[in-house]
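Novice: when you get a sec, could you give me coordinates for this:
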Amino acid sequence: MVCLDDFGSGAAAFQYLQALEVDVVKIDGGYVKSACATAEGKLFLKAMAGLLQELGIAAIAEMVEDDDHLAVIRDCGIGFAQGYVFGRPSTDIGSFAPPSEEAYRRRAERMRSG
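Specialist: Here you go, the predicted model:
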């Protein structure tokens, strides 16, 4: 699989979609923040997500920090997310226990509902 990180942050990002057989892109968090802050930002993120969907490329949104961000990316048609809404980073090795089955069910339900 070919995955692009920080999609949209570089000048050649869209050229990579044509030049490579890309399977997944992780959309740069700046686009998510912009989509949450302005109507124009949301339109741009929605258009980007639509293009990726038309190309058959899965999209992951970075910097999804709260439920409001999660709602915006859902509305834009993005099916995957990464960010503080799911948990904060930690240097405490003891905090890396895997989530419970219940936590997985709650997360899946939050992604489905909207």
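
Novice: sec struct for V25, please.
Specialist: strand (DSSP: H, G, I helix; E, B strand; the rest coil).

Novice: what is the neighbour count of the residue lying closest to it once chain neighbours are set aside?
Specialist: Closest residue to V25 apart from its sequence neighbours, by C-beta to C-beta, 6 or more residues apart in numbering: F7 at 4.0 Å. Any C-beta I mention is one placed from the backbone N, CA and C, and that applies to glycine too. Using other C-beta atoms under 10 Å as the criterion, F7 is surrounded by 24 other residues.

Novice: quick check: F7 vs A47, distance?
Specialist: When distance is defined by C-beta to C-beta, to the nearest Å, F7 is 13 Å away from A47.

Novice: returning to that earlier point: ok, now which ones touch the residue nearest to V25?
Specialist: For F7, the contact set (C-beta atoms under 8 Å, 6 or more residues apart in numbering) comprises 13, 25-28.

Novice: most widely separated two among those residues?
Specialist: A13 and K26 (11.1 Å; C-beta to C-beta).

Novice: what touches both of the two?
Specialist: With C-beta under 8 Å, 6+ apart as the test, A13 and K26 both reach 4, 7.

Novice: show me where pLDDT drops low in the chain?
Specialist: The model of the chain has pLDDT under 70 over residues 11-12, 95-97, 99, 111, 113-114.

Novice: sounds good, over and out.
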